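> Need the 3D shape of this:
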Amino acid sequence: EYDPEDDYPSFCINAALAVVRDQEAGVEALGIVFGGSGNGEQMAANKVRGIRAALVWSRATAELAREHNDANVIAIGARQHTFQEATAFIDRFIDTPFSGEERHARRIAQLAAYEQDGSLEPDPRATGAGEPDVLARVRRLARENERLFEELLGAERRYRGLARAVWNVQEDERRRLARELHDGIGQTLTALKNHLDRLAAKAAESGPLAADLAAAAETAAGAVRDTRELSRLLRPPVLDDLGLVPALRWLARTFEERTGLAIELTLGGELAAGDGGGAAAEPPRRLEPELETLVFRVVQEALTNALKHSGARRATVEVAADTDAVRVRVADPGTGFDPDATLDAAPASSGLGLAGMRDRVELFGGRLTLTSAPGRGTRVELSVPRAAPAGPAWAVSGEGR
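Residues are numbered from 1 along each chain as shown. Just a heads-up that it's a prediction; the model follows:
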């Protein structure tokens with residue numbers, strides 16, 4: 001029924017409701033609504049559940065309305081078309097059957113499902129009762145994979161945080177032991193040496209007794225030196241008090257004094273400030289404490305490896321820092337080795353400290369590259385970001401590969 005005084009949304013909706021009532025009653029029914037352009041009428045009719053309204057402005061669009069969309073209501077702009085044209089559109093609309101093609105049926109089923117529960121699932125591309133909805137399963141698997149990946153990233157972050165905390169605890173324990181060695185046992189041994197020196201001075205006229213006391217004092221002096229050296233190797237105070245650059249200079253100097261391995265130290269970037277010496281020289285910038293410890297330990301381990309395994313009498317150490325990263329290169333012209341064979345033979349206990357260096361670098365999101373070959377020396381290179389993201393931590397290569 002149509003009241004001429006009704007506004008167009010009302011009569012369009014009423015017409016659409018009439019079509020739905022007839023279809024639910026098993027009566028084949030279609031609807032046509034007219035308006036100035038037809039656009040508003042189409043929109044109004046589509047507000048009714050079960051209605052698929054299409055805008056028609058030609059015979060072709062009248063065909064497509066039924067053929068592709070199985071439209072049960074069409075809207076025609078009365079101002080744009082003559083009576084004869086509108087009649088031709090309606091006839092074509094009524095005469096054209098729905099094609100039933102799978103892609104069109106799928107789209108219509110999706111719209112119906114959305115009207116029912118607001119969801120586009122289950123995917124109407126499932127084609128039979130009990131047949132698995134492959135695409136829906138793929139989507140569910142993709143969502144599950146995303147969830148698992150997020151959990152994996154979270155676990156990785158927690159692992160890195162825990163491992164770094166453990167490493168910091170180890171360094172704190174080294175610091176405590178070094179302090180106790182220096183301030184406790186070291187002081188006791190120093191007092192013992194001084195006491196023996198005084199006894200030796202008093203017994204200078206006693207011949208053999210004085211010599212024995214002097215030998216004991218020298219032994220005590222050696223113990224004092226060894227204790228202090230062990231204290232510094234455990235955790236050099238200069239690293240905490242003055243920073244990485246003085247600690248590296250101390251390491252290079254003491255390594256050469258103790259072992260005869262000549263070390264050439266080169267500093268670059270932020271670390272080169274004040275490297276020329278002099279009272280007016282600007283002091284080098286400090287890095288983050290954890291990063292300073294990491295670089296010092298890697299350089300220390302690489303030099304120890306060179307001393308024990310390379311047979312070289314010299315080594316070079318290059319350390320540079322900028323706002324983005326710290327880069328380290330430790331090289332020696334020694335005997336070299338096959339990195340792959342060494343790691344495959346004893347990845348966990350190679351004796352070269354490779355696993356330890358790799359693990360430390362990994363905690364900071366850096367990259368450690370080991371390049372070596374028999375007779376071609378060894379090069380250890382480290383690049384670690386100032387802010388540590390996750391990333392590759394390990395690479396090995398033979399010379400020339």
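
> Every contact and neighbour count from this point should use C-alpha atoms.
Noted.

> where exactly do the strands run in the stretch 201-350 of the chain?
Chain-ordered strands for the stretch 201-350 of the chain, with DSSP state E, counting those that start in this stretch as the definition, fall at 262-269, 314-321, 325-332.

> export the ones you listed to CSV and tack on mean neighbour count, mean pLDDT and distance to residue 137?
Output for these, formatted as CSV (neighbours: other C-alpha atoms under 10 Å; pLDDT from 0 to 100; distance: least, C-alpha to C-alpha, whole Å):
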stretch, mean neighbour count, mean pLDDT, distance to residue 137
strand 262-269, 17, 91, 54
strand 314-321, 20, 92, 50
strand 325-332, 22, 92, 44
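
> Dump these to JSON lines, plus distance to residue 152.
Putting the strands of the stretch 201-350 of the chain into JSON lines (distance: least, C-alpha to C-alpha, whole Å) gives the following:
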{"stretch": "strand 262-269", "distance to residue 152": "37"}
{"stretch": "strand 314-321", "distance to residue 152": "32"}
{"stretch": "strand 325-332", "distance to residue 152": "26"}
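
> Of all those, which one is nearest residue 76?
Taking C-alpha to C-alpha as the measure, those were each checked against residue 76, and strand 325-332 came out nearest at 68.2 Å.

> List the contacts of the closest one.
By C-alpha atoms under 8 Å, 6 or more residues apart in numbering, the list of residues contacting strand 325-332 from outside reads 295, 299, 302-303, 306, 310, 312, 314-321, 377-386.

> Recalculate using a threshold of 6 Å.
Surrounding strand 325-332, the residues in contact under the criterion C-alpha atoms under 6 Å, 6 or more residues apart in numbering are 315-320, 377-386.

> Would you point out the most distant pair within those residues?
The most distant members of the contacts of strand 325-332, if one measures by C-alpha to C-alpha, are 377 and 386, lying 29.4 Å apart.

> ok, of the contacts of strand 325-332, which one's closest to residue 74?
residue 385 (64.4 Å).

> Who is that closest one paired with across the strands?
Under the criterion DSSP bridges, residue 385 forms beta bridges with residue 325.

> neighbours around it, how many?
Here the number of neighbours of residue 385 (other C-alpha atoms under 10 Å) works out to 18.

> can you check residue 96 too?
Other residues near residue 96 number 15, with proximity taken as other C-alpha under 10 Å.

> what's the distance between it and residue 255?
94 Å (C-alpha to C-alpha, to the nearest Å).

> Tell me where the stretch 201-350 of the chain has helices.
If you assign secondary structure with DSSP state H, counting those that start in this stretch, the helices in the stretch 201-350 of the chain sit at 208-234, 237-241, 244-259, 289-305, 339-345.

> Going by neighbour count, list what's buried in the fourth one.
Of the residues in helix 289-305, those buried under the neighbour-count criterion (16 or more other C-alpha atoms under 10 Å) are 291-303, 305.

> quick one: pLDDT of the nearest residue to residue 58 once chain neighbours are set aside?
Spatial nearest neighbour of residue 58, chain neighbours left out: residue 89 (6.4 Å); criterion: C-alpha to C-alpha, 6 or more residues apart in numbering. At residue 89, the model reports a pLDDT of 87.
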